[in-house]
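> Build the 3D model from these lines:
(chains A and B)
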Amino acid sequence: AQKITQTQPGMFVQEKEAVTLDCTYDTSDQSYGLFWYKQPSSGEMIFLIYQGSYDEQNATEGRYSLNFQKARKSANLVISASQLGDSAMYFCAMRAFSGGYNKLIFGAGTRLAVHP
Amino acid sequence: NAGVTQTPKFQVLKTGQSMTLQCAQDMNHNSMYWYRQDPGMGLRLIYYSASEGTTDKGEVPNGYNVSRLNKREFSLRLESAAPSQTSVYFCASSEFGRTLNTEAFFGQGTRLTVV
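From the prediction side, this is the model:
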């Protein structure tokens, strides 16, 4: 069975500092994709970054980077130079093939608060 | 470009009532999904449709039915609503195929309260 685990229900960080949000996953598939989404208080889901299981380099998108450790099955999100607008829920998600279908499953999320 | 459109945005139901949540996407995606979001539990997959004409159960399908009406539309029906179905419901769509790197696009969500 596939599973995403986010062990930090809440995190806080000072503005302009970096923060790491943890994500571990479980799958028996060799080919899979890992995603991070942001959900601000307004409720919409915003795609941040993607990492493929065969990608050799860690993904980066602006201030977001994904620390991918395949052997440990972890895909932590690093936000550099935090801003007040980064305060939100953050979800880690995994796409893998199950029974020939392409499913997308999510973790429980981490609520990040950025303090001035 | 509207993306994924869900209706309604808010709904209050009485226990035992039925309703259908509508979802439509205009991105020509094959795969569509229904999730529910509850505090502390993230987004849990209710049903998904890998392509037109196919649907499959996700993690929490009990109490729900779905219809993939055509490539654009994927509806979620609650036949007899229960207070445990109070939640925020999200519809999403994405490309289907052997590619894994396509993100899912989400609707704005439906906040459903069952009293």
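> use CA for all of it now, contacts and neighbours both
Will do.
> you'd agree residue A:75 is up against residue A:58?
No. Between residue A:75 and residue A:58 there is no contact under Cα atoms under 8 Å: 9.4 Å.
> any residues in contact with both of those two?
A:66-68 (Cα atoms under 8 Å, 6 or more residues apart in numbering or on different chains).
> pLDDT added to these, as a markdown table?
Shown next, in a markdown table, are the shared contacts of residue A:75 and residue A:58 (pLDDT from 0 to 100):
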| residue | pLDDT |
| --- | --- |
| A:66 | 96 |
| A:67 | 96 |
| A:68 | 96 |
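> Would it be right to say that residue B:84 lies in a helix?
Yes. Counting by DSSP: H, G, I helix; E, B strand; the rest coil, residue B:84 is found in a helix.
> now it: how far from residue B:18?
Counting by Cα to Cα, to the nearest Å, the gap from residue B:84 to residue B:18 is 14 Å.
> Who's the closest spatial neighbour of residue A:36, skipping the chain neighbours?
Excluding its sequence neighbours, the residue lying closest to residue A:36 (Cα to Cα, 6 or more residues apart in numbering or on different chains) is residue A:92, at 4.6 Å.
> Strands - which of the shared contacts of residue A:75 and residue A:58 land there?
A:66-68 (DSSP state E).
> Around chain B, pick out the residues from chain A.
By the criterion of Cα under 8 Å from any Cα of the partner chain, the positions of chain A lying close to chain B are A:9, A:32-33, A:35, A:43-45, A:47, A:50-52, A:91, A:95-96, A:101-109.
> make it 7 Å
Residues of chain A that fall close to chain B, judged by Cα under 7 Å from any Cα of the partner chain: A:32-33, A:43-45, A:47, A:50, A:52, A:95, A:101-102, A:105-109.
> Show me what from chain B comes close to chain A.
So far as Cα under 7 Å from any Cα goes, chain B lies against chain A at B:40-45, B:50, B:96, B:100-101, B:103, B:106, B:108.
> hmm, try it at 6 Å
Contact residues (Cα under 6 Å from any Cα of the partner chain) of chain B with chain A: B:40-43, B:100, B:108.
> For chain A, which segments are assigned as helices?
Counting by DSSP state H, chain A has no helices to list.
> need the contact list for the closest residue to chain B within chain A.
Relative to chain B, the nearest point of chain A is residue A:108 (3.7 Å; Cα to the nearest Cα). Contact analysis of residue A:108 by Cα atoms under 6 Å, 6 or more residues apart in numbering or on different chains lists B:40-42.
> Now do the same for the spatially closest residue to it that is not a sequence neighbour: its pLDDT.
In space, and not counting its chain neighbours, residue A:108 is closest to residue B:42: 3.7 Å by Cα to Cα, 6+ apart. At residue B:42, the pLDDT value in this model is 89.
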